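In: predicted coordinates and the sequence they were generated for:
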Amino acid sequence: MKERNHAFDLLCGICIVRMVTLHIMTMCGKNEESWWVEIMYWSYFFMSFFFFKAGYFNKGVQGETWPYLKDRVRRLLVPWATCGLLGNAVYFAFLPRMLARYHKPIEPLSWDHLWETSSHYGNNPTWFLLSFFAAYMVAHLLEKVPRLHWLVATFPFIGVWLWQMGNPLWLNLNNVFMGVFFFYVGRLWSWLMAHAGRRTMLGVSLLLLAAFVTCNILWHGNYSMSNNTFRGNPWAGLVGVSLALTGIAGCLLALRVPRIPIINYIGEHSMVFFLLHYPMLYAYKFAHLSFGRSIYHHLDEVFVLIPIIFGLCAWLVPYFESVPWLSGRYVKPHSETAKHAVT
């Protein structure tokens with residue numbers, strides 16, 4: 001088995017911890033706490049890291065289109081559908097009880113949800129898998145035509161323009177252009193890390209990290225990958241994401257950080273935590289609501305849910321990953337390279 005990259009597993013783990021905690025804080029109505037807003041102020045870039053990481057480890061996305069498409073479908077679209085149905089099962093299992101007690105759904109149901117968003121009722125984070133799939137395919141098609149990948153330089157402008165137009169693309173795929181852009185930033189960073197010395201890249205990365213801190217204080221912008229939205233100056237947000245991703249990743253790679261057991265374990269199995277935590281949160285929330293008790297504005301529930309969610313996900317890791325149509329972990333032929341790895 002190929003040795004894992006501890007730096008990127010660490011970053012994946014931090015991203016998952018941030019995301020799961022954010023969803024817990026939101027469901028408990030505590031996401032506007034001043035200390036939590038400050039954390040979000042400095043960590044808005046983490047969701048874009050998965051696209052950056054994909055580009056870093058995919059030295060190329062060339063090859064025959066049909067086999068590549070089948071591989072991406074199995075590893076991304078199949079879990080998108082099956083884990084989406086898992087979320088639906090939780091949501092709609094509690095719906096009759098919600099209607100009987102509150103006479104309306106807790107969240108509005110609408111048919112346009114089918115074509116406007118790529119997420120599922122009961123498992124909103126599934127949006128990522130469809131956007132990830134689309135970004136992979138766009139990158140693959142760009143590589144089919146020589147020099148066409150330089151079009152990626154225009155993608156940040158397209159992403160901002162789509163946001164200004166109200167993000168009109170179906171299935172919420174407006175974020176794909178930014179995803180492909182960060183994918184190629186990752187590829188560029190991989191090339192630089194391979195061709196420049198470790199000490200040189202450490203110095204460059206520290207400068208980029210310092211630039212991010214300065215930029216975030218003096219010229220702040222916030223980019224939300226899930227729905228391609230910006231707060232503050234959009235260009236400041238995009239510059240900030242690029243500086244943070246390259247600076248932090250470069251420092252950790254150059255320093256050759258060791259494996260940090262708990263965080264790295266979460267990063268190594270990020271797909272499990274990513275796809276299972278939200279249905280668990282919904283089940284917990286709806287179970288309380290079924291008996292007329294809300295977890296909203298209850299900080300104590302945050303401290304109850306964090307160990308429950310992370311503990312259950314960790315326990316389910318071997319079972320979930322043993323089912324390919326849930327986890328996307330299909331056994332690869334020995335001749336297949338590691339460049340198509342998802343997690």
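Out: Now that the structure is in, tell me what you want to look at.
In: who's in contact with the residue most central in space within the chain?
Out: Among the residues of the chain, Met47 comes closest to the average C-alpha position under CA atoms, centre = their mean, at 4.4 Å. Counting by CB atoms under 8 Å, 6 or more residues apart in numbering, Met47 touches Cys15, Met19, Phe128, Ser224, Met225, Ser226. Where C-beta positions appear, they are placed from N, C-alpha and C, glycine not excepted.
In: doesn't the last one fall inside a helix?
Out: Pointing back at Ser226 there. No: looking at Ser226 with DSSP: H, G, I helix; E, B strand; the rest coil, it is coil, so not inside a helix.
In: phi, psi of it?
Out: phi -60, psi -40 (degrees, to the nearest 10).
In: isn't it up against Asn175?
Out: Yes: between Ser226 and Asn175 there is a contact under CB atoms under 8 Å: 7.2 Å.
In: now Leu10: how far from Leu238?
Out: Computed as CB to CB, to the nearest Å, the Leu10 to Leu238 distance reads 24 Å.
In: what's the closest non-adjacent residue to Met98?
Out: In this structure, Met98 finds its nearest non-sequential neighbour in Ile106, 5.5 Å apart by CB to CB, 6 or more residues apart in numbering.
In: contacts only, for the one you found.
Out: Residues in contact with Ile106 (CB under 8 Å, 6+ apart) are Met98, Phe286, Leu289.
In: now these as CSV including distance to Met280, neighbour count and pLDDT?
Out: Converted to CSV, those look like this (distance: CB to CB, whole Å; neighbours: other CB atoms under 10 Å; pLDDT from 0 to 100):
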residue, distance to Met280, neighbour count, pLDDT
Met98, 18, 18, 88
Phe286, 11, 18, 93
Leu289, 15, 18, 92
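In: do a quick rundown of the strands in this protein.
Out: Secondary structure of the chain (DSSP state E): strands located at 221-224, 229-232.
In: any idea of the mean pLDDT in the first one?
Out: It stands for strand 221-224. Strand 221-224 shows a mean pLDDT of 94.
In: paired strands for that strand, with orientation please.
Out: When sheet partners are counted by DSSP bridges, strand 221-224 sits next to strand 229-232 (antiparallel).
In: returning to what we had before: looking at Ser226 and Asn175, which is more packed in?
Out: Asn175 (30 against 17; other CB atoms under 10 Å).
In: how about the contacts made by that one?
Out: Counting by CB under 8 Å, 6+ apart, Asn175 makes contact with Ser131, Gly159, Met225, Ser226, Asn227, Asn228.
In: residues near the nearest residue to the fifth one once chain neighbours are set aside, how many?
Out: It refers to Asn227. Nearest non-adjacent residue to Asn227, counting by CB to CB, 6+ apart: Asn172, 6.2 Å away. Asn172 sits with 19 neighbouring residues when counted by other CB under 10 Å.
In: make TSV out of the contacts of Ile106 and add distance to Pro146.
Out: What follows is the contacts of Ile106, written out as TSV (distance: CB to CB, whole Å):
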residue	distance to Pro146
Met98	55
Phe286	53
Leu289	57
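In: most widely separated two among the contacts of Asn175?
Out: Distance extremes for the contacts of Asn175: the farthest pair is Gly159 and Ser226 at 13.2 Å, using CB to CB.
In: tell me where the longest helix sits in this protein.
Out: Longest helix in the chain, counting residues (DSSP state H): helix 78-102.
In: pull out the buried residues from that helix.
Out: 78-84, 86-87, 90-91, 94-95, 98 (16 or more other CB atoms under 10 Å).
In: what does it contact?
Out: Residues contacting helix 78-102 (CB under 8 Å, 6+ apart): 104-106, 118-124, 126, 129-130, 133, 271, 275-276, 278-279, 282-283, 286-287, 289-290, 292, 324-328.
In: now intersect those residues with the helices, please.
Out: Per DSSP H, the contacts of helix 78-102 map to helices at 129-130, 133, 271, 275-276, 278-279, 282-283, 286-287, 289-290, 324-327.
In: just give me the neighbour total for Trp150.
Out: Counted with other CB under 10 Å, residues neighbouring Trp150 total 9.
In: that one and Leu142, how far apart?
Out: Trp150 is 9 Å from Leu142, where distance means CB to CB.
In: again, but for Gly292
Out: 54 Å.
In: these two - which one has more neighbours?
Out: Of the pair Gly292 and Leu142, Leu142 is the one with more neighbours under other CB under 10 Å, namely 19 against 8.
In: my guess is the more buried one contacts His149. True?
Out: Yes: with contact defined as CB under 8 Å, Leu142 counts as touching His149 (4.5 Å).
In: and the closest residue to Ser119 other than its chain neighbours, how close does it get to Val180?
Out: Using CB to CB, 6+ apart and skipping the chain neighbours, the partner closest in space to Ser119 is Trp127 (4.2 Å). Separation of Trp127 from Val180 (CB to CB) stands at 16 Å.
In: quick one: which of these two has more around it?
Out: With other CB under 10 Å as the criterion, Trp127 and Val180 differ in neighbour count, and Val180 comes out ahead with 25 against 22.
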